[in-house]
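1. The following comprises the amino acid sequence and a computationally predicted model.
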Amino acid sequence: MTFTIDELAIPDEPTPDFVRAIAVGNEVEALGYGTPDLAYEPDEELAIMHNPHEPARLLVARVDGEIVALGKHETTVGDDSDTSWLAINVLPQFRRRGIGTALADALEGMARDEGKAKVVLYAPIAEGPGERLPSPTGFGSVVAGDPGVLFLQQRGYTFEQVERLSRLPLPVAGIDGLVAAAQERSGPDYRLHMWHGATPEQWRADIAELGTRMSTDAPSAGLEEPEDVWTVERVIESDERAARESPRVRHTAAVEHVPTGRLVGYTVLSVPPQLHRAVDQYATIVMREHRGHKLGMLLKVGNLQHLAQKRPGHPSVMTFNAEENRHMLDVNEAVGFVAIANESAWRKDLR
Ligand SMILES: CC(C)(COP(=O)(O)OP(=O)(O)OC[C@H]1O[C@@H](n2cnc3c(N)ncnc32)[C@H](O)[C@@H]1OP(=O)(O)O)[C@@H](O)C(=O)NCCC(=O)NCCS
């Protein structure tokens, strides 16, 4: 069996090849996560891949003309952009024939050509019996004999971190009471604000600041994820592109520190257009200076209440957290999130 590898230019609108490539990626990832609930549809992927601040490139492997594997190269632009993020998905019936190797060689080559110092790869690892590979952080482990683990180890990647995938069944019972209790605990210095869609003008600068902090403050173990700077212009571009292209709607809860009038934390839920699909948890951050006031809980329950009011009927919320991020896991577990899968984070230095 021979295969070919070629780059699939990111189209303006979904093409048959693009639709097939996304389906292949979704099928393989669903096996790793044990659920199809994280799948994005082609038009949703396109709205993300058209982000000028996070340029994406796709490679596909074909057998007899049919796409059987997908490789993805993503990076950020800007001075601190020394990292590329890779993904490699080969359909099970086409494995152990060198396709994964050919895709990895080409993707790492792209990163080298762009002068990147390292690549980072997040691989879902299906649960199963047998020996475990413990995370170097001391928190979590994955199946040591997983094909992805063996593949990455023999390519010289180092295992850095386990991320936990958790699921919250909706609706959350007694959400109004949870919000009232959280508000009580955080105190009168903190006020919740909610919106869906574009960021209100008065909060754009604060959201840019929080977005930048998100890239450096979330625990990333030995991955050394680079700072990703957000500006007001980038917030506007992102909101306009989402409104123009994405079928998904962002529901945001943010907390204002009343004495200074500044936002000091926010959380975002990305809501798909079909009611039967899961909602995706995006960033959650509270500024370091304001931690210890239970604002993580206030934000989370506030946004779940907001979702219940605006878009009731979705089955669940899905979220990833670093396994060592006990503060966030405590909040999520208290709300009702349950761990369902593991993702492993890997790094390879190119210089
Ligand atoms: C990991 C993955 C991309 C490998 O794709 P592939 O096309 O089978 O990879 P290759 O045929 O190039 O394998 C290269 C080497 O990796 C190792 N390897 C890959 N799968 C393995 C397995 N099931 N058992 C043992 N070793 C394995 C072997 O050393 C293999 O060389 P060999 O076949 O000469 O022994 C594929 O299994 C996959 O898509 N898995 C699910 C997604 C995933 O885990 N992605 C993240 C990792 S990139």
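-> Here it is on my side, so go on.
2. Near the ligand, which residues of the protein are found?
-> Selection of the chain residues close to the ligand by CB under 6 Å from any ligand atom yields 28, 32, 88-90, 95-101, 121, 123, 147-148, 150-152, 154. For glycine as for every other residue, the C-beta is placed from the backbone atoms N, C-alpha and C.
3. Sitting in strands, which of these do you find?
-> Members of the residues of the chain next to the ligand lying in strands (criterion: DSSP state E): 88-90, 121, 123.
4. What segments of the stretch 151-300 of the chain are strands?
-> Using DSSP state E, counting those that start in this stretch, the strands assigned to the stretch 151-300 of the chain run over residues 158-169, 190-196, 249-257, 262-271, 279-286.
5. And stretch 37-53, what's buried?
-> Buried residues in stretch 37-53, counted by 16 or more other CB atoms under 10 Å: 37-51, 53.
6. on that earlier part again, the residues of the chain next to the ligand, buried ones only, as a ChimeraX selection?
-> The buried residues among these can be selected in ChimeraX (16+ other CB under 10 Å) with this line:
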select :28,32,88,89,90,97,99,100,121,123,147,148,151,152
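7. Can you list which of the residues of the chain next to the ligand are found in helices?
-> Per DSSP state H, helices hold the following members of those: 28, 32, 99-101, 147-148, 150-152, 154.
8. ok, for the residue of the stretch 251-351 of the chain found nearest the ligand, nearest residue in space, not its chain neighbours?
-> For the stretch 251-351 of the chain and the ligand, the shortest gap (CB to the nearest ligand atom) falls at W346, measuring 7.8 Å. The shortest distance from W346 to any non-neighbouring residue, by CB to CB, 6 or more residues apart in numbering, is to Y157 (4.1 Å).
9. do D146 as well
-> I125 (4.8 Å).
10. Contacts only, for that neighbour.
-> I125 makes contact with 32, 142-143, 146, 148-149, 342-344, according to CB atoms under 8 Å, 6 or more residues apart in numbering.
11. would TSV of these with pLDDT and distance to I207 be doable?
-> As requested, the contacts of I125 are exported to TSV (pLDDT from 0 to 100; distance: CB to CB, whole Å):
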residue	pLDDT	distance to I207
G32	97	32
V142	97	34
V143	97	39
D146	97	38
G148	98	35
V149	98	37
N342	95	31
E343	96	27
S344	97	31
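12. Quickly name whichever of those is closest to A308.
-> E343 (27.7 Å; CB to CB).
13. Which element, helix or strand, includes the closest one?
-> Assessed by DSSP states H and E, E343 sits inside strand 338-349.
14. Report all helices and strands that that strand contacts.
-> helix 16-33, strand 118-125, strand 141-143, helix 147-154, strand 158-169 (3 or more CB pairs under 8 Å, 6 or more residues apart in numbering; DSSP states H and E).
15. since we're on the nearest residue to A117 once chain neighbours are set aside, how many residues are nearby?
-> Using CB to CB, 6+ apart and skipping the chain neighbours, the partner closest in space to A117 is D82 (4.1 Å). Other residues near D82 number 17, with proximity taken as other CB atoms under 10 Å.
16. what sits against D82?
-> Contacts of D82 (CB under 8 Å, 6+ apart): 116-118, 226.
17. Could you report the neighbour count for the nearest residue to L263 once chain neighbours are set aside?
-> Distance criterion CB to CB, 6+ apart; nearest residue to L263, sequence neighbours excluded, is D206 at 3.8 Å. Residues lying near D206 (other CB under 10 Å) number 22.
18. Return the residues in contact with D206.
-> D206 sits in contact with 254, 262-263, where contact means CB under 8 Å, 6+ apart.
19. Quick one, which of these are buried?
-> By 16+ other CB under 10 Å, these give 254, 263 as buried.
20. May I see the contacts of D206 organised as a markdown table, with pLDDT and distance to V286 added?
-> What follows is the contacts of D206, written out as a markdown table (pLDDT from 0 to 100; distance: CB to CB, whole Å):
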| residue | pLDDT | distance to V286 |
| --- | --- | --- |
| A254 | 98 | 11 |
| R262 | 98 | 13 |
| L263 | 98 | 10 |
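21. contacting residues around the residue minimising distance to the centre of the chain?
-> Centroid-nearest residue in the chain: Y282, 6.6 Å away (criterion: CA atoms, centre = their mean). By CB under 8 Å, 6+ apart, the contact set of Y282 is 250, 267-270.
22. Distance check, S215 against the ligand.
-> Distance, S215 to the ligand, using CB to the nearest ligand atom, to the nearest Å: 23 Å.
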